[in-house]
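Student: following is a predicted model, sequence given first.
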Amino acid sequence: MKTRKMIGLVVLALLVVPVLAACGPAKVDAAISTYKIVLDKTSIPAGEVTFHIHNDATDLNHEFVIFKTDLPEDQLPLTAEGIVDEESPDVTLIDEKEDITPGSSVDLVVTLEAGNYVALCNIDSKEMHYQHGMHQAFTVK
């Protein structure tokens with residue numbers, strides 16, 4: 001009888017552990033390079049999300065900024081300097097990682113509610129990273 005109970009517990013554990021592991025925080029790989037951001041997922045479940053960000057550029061530092069907004073990703077409000085206006089009522093700054101050096105990787109852990117978001121580089125140098133297309137929209141459900 002003990003053997004039968006033990007087998008039952010082992011089978012139950014084999015079924016439950018993978019389900020619980022799938023319920024953990026979402027993970028998104030973000031590759032950033034000169035004037036480009038690519039997320040491996042553009043639909044993410046609400047809750048805690050870890051963005052694993054790798055700067056594939058060979059010569060430029062970048063940053064990774066997350067905004068919640070219903071505006072199209074290429075039509076965010078700009079400051080007079082030509083960067084996204086982080087104080088605009090049309091966007092909500094969620095979090096950011098700055099000074100991501102070439103070849104390095106960093107993680108950004110955030111808690112996101114359902115809605116529309118944009119990840120972008122908002123470097124305020126003469127290159128105007130956002131205006132050159134360094135942004136990626138994604139949805140949280």
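Tutor: Sure, I can see it. Keep in mind that what you see is a predicted model, and the values were worked out from it rather than measured. Residues are numbered from 1 along each chain as shown.

Student: backbone phi and psi for the nearest residue to Ile100 once chain neighbours are set aside, please?
Tutor: Nearest non-adjacent residue to Ile100, counting by Cβ to Cβ, 6 or more residues apart in numbering: Asn55, 4.6 Å away. (C-beta placed from N, C-alpha, C; glycine too.) Asn55 adopts backbone torsions of phi -90, psi 100, taken as degrees, to the nearest 10.

Student: tell me how many other residues crowd Asn55.
Tutor: For Asn55, the count of nearby residues is 25 (other Cβ atoms under 10 Å).

Student: what pLDDT does it get?
Tutor: For Asn55, the pLDDT comes out at 98.

Student: which residues does it bridge with?
Tutor: Beta-bridge pairing for Asn55 (DSSP bridges): Ile32.

Student: where do the helices of the chain begin and end?
Tutor: Ranges of helices within the chain are 2-22, based on DSSP state H.

Student: mind listing the residues bridging to the residue nearest the centre of it?
Tutor: Residue closest to the mean C-alpha point of the chain, counted by Cα atoms, centre = their mean, is Phe51 at 4.3 Å. Phe51 has these beta-bridge partners by DSSP bridges: Val28, Leu108.

Student: surely it meets Ala26?
Tutor: No. Using Cβ atoms under 8 Å, Phe51 makes no contact with Ala26, being 9.4 Å away.

Student: where does the prediction get shaky in this structure?
Tutor: By pLDDT under 70, the weakly predicted segments of the chain are 1-23, 125.
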